[in-house]
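Peer 1: A structural model of the following input is requested.
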Amino acid sequence: MLIVTQVAPYADGPAGVHGVLGQATTALAELAEHAGLSPVAVDDVRNLSPRQLQAGGVLALFTIGETPFTTDQRVAVVESWLAGRLRVLGVHSATDACYGWPEYGSLIGARFDGHPWTQEFAIEVVDRQHPATAHLGPTWAWRDEIYLFRSLHPGARVVLRLADEQVDLSAPGARVPESGFPLAWCHGDEEGRTFYTALGHFPQAWESTVFLRHLAGGLAWLNNTA
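Peer 2: Numbers count the residues shown, from 1 in each chain. Here you go, the predicted structure:
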């Protein structure tokens with residue numbers, strides 16, 4: 001499993017910094033090993049060859065900003081994903097990356113469109129049959145940034161969403177997007193498979209067995225083992 005954790009600039013300025021990237025890399029590597037995969041940590045995509053991406057496996061993305069994938073790398077990712085060789089696991093700010101890559105939005109499943117709130121909130125478990133949520137009850141208490149999204153993939157299977165009446169809609173930048181408030185989903189095109197969760201901003205997430213089971217279930221779904 002290729003684990004890409006990279007902070008790159010936005011097109012119009014510096015990207016935000018996520019202090020949990022090292023912690024996330026360690027946790028994702030352990031989940032990969034548990035799933036029978038060989039983890040490879042990548043902190044600069046320029047060190048990846050298109051051949052590595054064409055070879056397949058799982059590409060885990062905890063990225064932010066204009067991640068500098070080359071044209072050849074982009075072609076390799078899309079071709080390999082559509083063919084079912086490469087599966088994508090997106091974490092938190094992976095939706096806030098690669099705005100200069102048009103196909104990336106469809107690949108990851110949506111585009112980040114702001115986070116007006118950071119707070120404790122209740123998550124509604126929409127789909128309790130998915131392996132990423134089967135260990136959860138009807139709701140899940142959590143604290144995180146709450147992301148808004150645009151251009152949610154029309155075929156996305158939403159498994160977690162923000163429960164009703166959890167946020168102050170008068171806050172700056174607050175609104176109800178067309179897709180509502182999804183927090184985790186899976187989707188695919190042709191043979192491609194992607195699992196994405198918007199959670200994971202704070203260190204406590206990466207110390208939470210409940211959250212790590214959520215990611216492990218997403219990885220199992222990608223690997224067709226659950």
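Peer 1: What are the boundaries of the strands in the chain?
Peer 2: Along the chain, counting by DSSP state E, strands occupy 2-7, 40-42, 57-64, 86-91, 111-112, 117-125, 139-146, 149-150, 157-162, 182-187, 194-197.
Peer 1: how many neighbours does Ser179 have?
Peer 2: 19 (other CB atoms under 10 Å). (Glycine included, C-beta is placed from N, CA and C.)
Peer 1: Now the nearest residue to it once chain neighbours are set aside. Its backbone dihedrals?
Peer 2: Leaving aside its sequence neighbours, Ser179 sits nearest to Leu152 (CB to CB, 6 or more residues apart in numbering; 3.9 Å). Backbone torsions of Leu152, given as degrees, to the nearest 10, read phi -60, psi 130.
Peer 1: picking that back up, want to throw the strands of the chain into JSON lines with distance to Gln204?
Peer 2: Output for the strands of the chain, formatted as JSON lines (distance: least, CB to CB, whole Å):
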{"stretch": "strand 2-7", "distance to Gln204": "18"}
{"stretch": "strand 40-42", "distance to Gln204": "22"}
{"stretch": "strand 57-64", "distance to Gln204": "16"}
{"stretch": "strand 86-91", "distance to Gln204": "15"}
{"stretch": "strand 111-112", "distance to Gln204": "22"}
{"stretch": "strand 117-125", "distance to Gln204": "11"}
{"stretch": "strand 139-146", "distance to Gln204": "7"}
{"stretch": "strand 149-150", "distance to Gln204": "23"}
{"stretch": "strand 157-162", "distance to Gln204": "17"}
{"stretch": "strand 182-187", "distance to Gln204": "16"}
{"stretch": "strand 194-197", "distance to Gln204": "15"}
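Peer 1: Indicate which one of the ones you listed is closest to Pro203.
Peer 2: For these, the distance to Pro203 is smallest for strand 139-146, at 11.4 Å, taking CB to CB.
Peer 1: same for that closest one, what does it pack against?
Peer 2: Applying 3 or more CB pairs under 8 Å, 6 or more residues apart in numbering; DSSP states H and E, one finds that strand 139-146 contacts strand 117-125.
Peer 1: Between strand 139-146 and the strand it packs on, find me the angle.
Peer 2: 150 degrees (axes from the mean of the first three to the mean of the last three CA atoms, to 10 degrees).
Peer 1: Just the buried positions in strand 117-125, please.
Peer 2: Neighbour counts over strand 117-125 (16 or more other CB atoms under 10 Å) mark 117, 121, 123-125 as buried.
Peer 1: how about the closest residue to Val40 other than its chain neighbours, what does it touch?
Peer 2: The shortest distance from Val40 to any non-neighbouring residue, by CB to CB, 6+ apart, is to Leu2 (5.3 Å). Taking CB atoms under 8 Å, 6 or more residues apart in numbering as the criterion, Leu2 is in contact with 40, 42, 48, 52-53, 57-60.
Peer 1: try it again with 7 Å
Peer 2: Leu2 makes contact with 40, 42, 48, 52, 57, 59-60, according to CB atoms under 7 Å, 6 or more residues apart in numbering.
Peer 1: Just the buried residues of the residues you listed.
Peer 2: Buried, going by 16+ other CB under 10 Å: 40, 42, 48, 52, 57, 59-60, out of the contacts of Leu2.
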